[in-house]
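**Q** Next input, structure requested:
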Amino acid sequence: MLSSPNEDRAVRITTRREREALVLSVSGDLDIDSVSPLGLALSSAAGDGSGPVVVDLSGVGFADSTTVNVLLQGHTALGDRLRLAAPSPFMQRLIGMIGLDSALPVLPSVDDAINAVLPS
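**A** Below you'll find the model as predicted:
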């Protein structure tokens with residue numbers, strides 16, 4: 001069975017608990033048509049008091065300005081409870097180009113992000 005390029009890069013968000021943190025693992029291409037599940041997941045986490053939230057960006061192949069806006073809205077809602085982790089090469093370039101790391105903490109791995117957001 002053949003799949004279209006869009007199916008290959010469809011957005012998937014999986015959630016899991018690691019220690020006390022909620023980890024949202026994101027994969028696929030994020031744009032104006034596909035980013036809403038990430039926004040909903042961040043809003044839900046903010047609304048239910050999920051504690052620390054780590055967004056694993058290692059599986060993101062593409063993201064546009066809509067994605068950046070969703071992440072910034074997540075930061076507004078979650079504050080210091082939000083960390084971005086393990087950005088893919090594309091996300092590393094995007095984060096660096098727009099200076100997103102000056103507004104949001106970005107850590108090299110999910111473990112580093114969890115350690116940074118949990119009290120010691």
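
**Q** Can you show me the strands along the chain?
**A** Counting by DSSP state E, the chain has strands at residues 12-18, 21-30, 53-63, 82-85, 106-107.

**Q** where are the low-confidence patches of the chain?
**A** Applying pLDDT under 70 to the chain flags the ranges 1-8.

**Q** Check the contact between residue 60 and residue 93; I expect there is one.
**A** No: shown here, residue 60 and residue 93 do not form a contact pair, counting by Cβ atoms under 8 Å, at 11.4 Å. Yep, even glycine has a C-beta here, placed from its N, CA and C like the rest.

**Q** Just want to know which of the two has more residues nearby.
**A** residue 60 (25 against 11; other Cβ atoms under 10 Å).

**Q** got the contact list for that one?
**A** With contacts defined as Cβ atoms under 8 Å, 6 or more residues apart in numbering, residue 60 is in contact with 26-30, 87-88, 90-91.

**Q** Isn't residue 30 up against residue 68?
**A** No: in this structure, residue 30 sits apart from residue 68 without contact. The criterion is Cβ under 8 Å, and the distance is 9.5 Å.

**Q** between the two, who's got more neighbours?
**A** Applying other Cβ under 10 Å to residue 30 and residue 68 shows that residue 30 carries more neighbours, namely 26 against 18.

**Q** Is the more buried one bridged to anything, and to what?
**A** With DSSP bridges applied, the residues forming beta bridges to residue 30 are residue 63.

**Q** mind checking how far it is from residue 63?
**A** Relative to residue 63, residue 30 is positioned 4 Å away (criterion: Cβ to Cβ, to the nearest Å).
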